[in-house]
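# just coords:
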């Protein structure tokens, strides 16, 4: 018999932000908890297939950030990575999570590392999937993009050019040897949310704030060296923003980390779920629980 998970879709108020999240109900009490932090320009739905595969064995929790997916924020919400981390921190506290493995992908890395720096006691494991924390992991495209400033002529137009259906689809397809394995619904749904009122301006603000993440890389690296979390790294080698050197860079601070590189692009779960999901399951089963 196929073991199917129960998945619940909920909202919770976090300091005036109505945070939407999806959560699986595992079949076993006390199952490991995996907090999944999504990337740009997606939301918790990017983990939908992982929920189907692992949700019956583990408690998977994936929130949408303000400005993403089904989460609703006030029009005057200050879109910065610090504020996204504030909301995720409040979300975790309200759910009463005290110890979990954190999965960080793309934007999930700057959000998640901020939360981890504030609450190292929460983190009993780290899964990194194309979530950068090193300058070695920035492509020339990423360096040029993160250097944009609001006062630069044409800077906002450059950012908005990435927020089109063509730009969103390109993020999924770039570096994928066989694009026919990709589900078009992924980028179509992302674009639906991007086209909602106020969403593109939120993304412009976050793009201009991305340089704050690069400035924080040394702090996050120090955190990794200090707390040495058990770490699994799974990486799409052909990512146009965060290329493969970003994966290997973690080993300087986490020499015992487990590293797997795949011949795919930015959204590695879209093409290599069959390879990555067992690695995640094995990692969660081997977790060390603090007493």
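All right, it came through fine. Since we're looking at a predicted model, the values are computed, not measured.
# how far does stretch 22-30 stretch from start to finish?
Using C-alpha to C-alpha, to the nearest Å, one end of stretch 22-30 lies 18 Å from the other.
# Tell me which residues of that stretch come out buried.
For stretch 22-30, a neighbour-count test (16 or more other C-beta atoms under 10 Å) marks 22-24, 26 as buried. Every residue, glycine included, has its C-beta placed from N, CA and C.
# Pipe the residues you listed into CSV and attach pLDDT per row.
Listed next are those as CSV, based on pLDDT from 0 to 100:
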residue, pLDDT
22, 98
23, 98
24, 98
26, 95
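# Strands - which of the residues you listed land there?
Among the buried residues of stretch 22-30, the members falling in strands (DSSP state E) are 22-24.
# Tell me the one among those nearest to residue 62.
The closest of these to residue 62 turns out to be residue 22 (C-beta to C-beta; 5.3 Å).
# Report the rounded mean pLDDT for stretch 44-64.
Taken as a whole, stretch 44-64 has a mean pLDDT of 97.
# If we go by neighbour counts, what in stretch 157-166 is buried?
Counting neighbours by 16+ other C-beta under 10 Å, one finds that the buried residues in stretch 157-166 are 159, 162-163.
# Just checking: the least confident one among those residues is which?
residue 162 (93).
# now stretch 222-237: mean pLDDT?
98.
# Near residue 223, how many residues? Count them for me, please.
Around residue 223 there are 19 other residues, counting by other C-beta atoms under 10 Å.
# other SSEs contacting the helix or strand containing it?
Per DSSP states H and E: residue 223 is located in helix 211-227. Counting contacts by 3 or more C-beta pairs under 8 Å, 6 or more residues apart in numbering; DSSP states H and E, helix 211-227 packs against helix 81-95, helix 108-118, helix 140-146.
# by contact count, what packs against the first one?
Judged by 3+ C-beta pairs under 8 Å, 6+ apart, helix 81-95 is in contact with strand 6-14, strand 17-25, strand 59-63, helix 108-118, helix 199-209, helix 211-227.
# pretty sure residue 232 is in a strand, no?
Yes - counting by DSSP: H, G, I helix; E, B strand; the rest coil, residue 232 is located in a strand.
# doesn't residue 232 make contact with residue 258?
Yes - the pair residue 258 / residue 232 is scored as a contact, 5.0 Å apart, by C-beta atoms under 8 Å.
# shared neighbours, the two?
With contacts taken as C-beta atoms under 8 Å, 6 or more residues apart in numbering, residue 258 and residue 232 have 279, 283 as neighbours in common.
# neighbour count winner among those two?
Neighbours per residue (other C-beta under 10 Å) separate residue 258 from residue 232, with residue 232 holding more: 22 against 15.
# need the contact list for the more buried one.
125-128, 257-258, 260, 279-280, 283.
# Give me the buried entries from these.
Among the contacts of residue 232, those buried by neighbour count (16+ other C-beta under 10 Å) are 125-128, 257, 279-280, 283.
# Identify those among those residues that sit within strands.
Those of these mapping onto strands are 125-128, per DSSP E.
# Turn those residues into CSV, columns for distance to residue 267.
Listed next are those as CSV, based on distance: C-beta to C-beta, whole Å:
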residue, distance to residue 267
125, 22
126, 20
127, 15
128, 15
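# now the residues you listed as TSV including pLDDT?
As requested, those are exported to TSV (pLDDT from 0 to 100):
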residue	pLDDT
125	97
126	98
127	98
128	98
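# What is the nearest of these to residue 275?
residue 127 (13.9 Å).
# beta partners of the closest one?
residue 103, residue 232 (DSSP bridges).
# Flag the shaky bits of the stretch 151-291 of the chain, pLDDT-wise.
Scanning the stretch 151-291 of the chain with the threshold set as pLDDT under 70 gives 288-291.
# and the closest residue to residue 21 other than its chain neighbours, what is it in contact with?
In space, and not counting its chain neighbours, residue 21 is closest to residue 63: 4.0 Å by C-beta to C-beta, 6 or more residues apart in numbering. Counting by C-beta under 8 Å, 6+ apart, residue 63 touches 19-21, 37, 44, 71, 88, 91.
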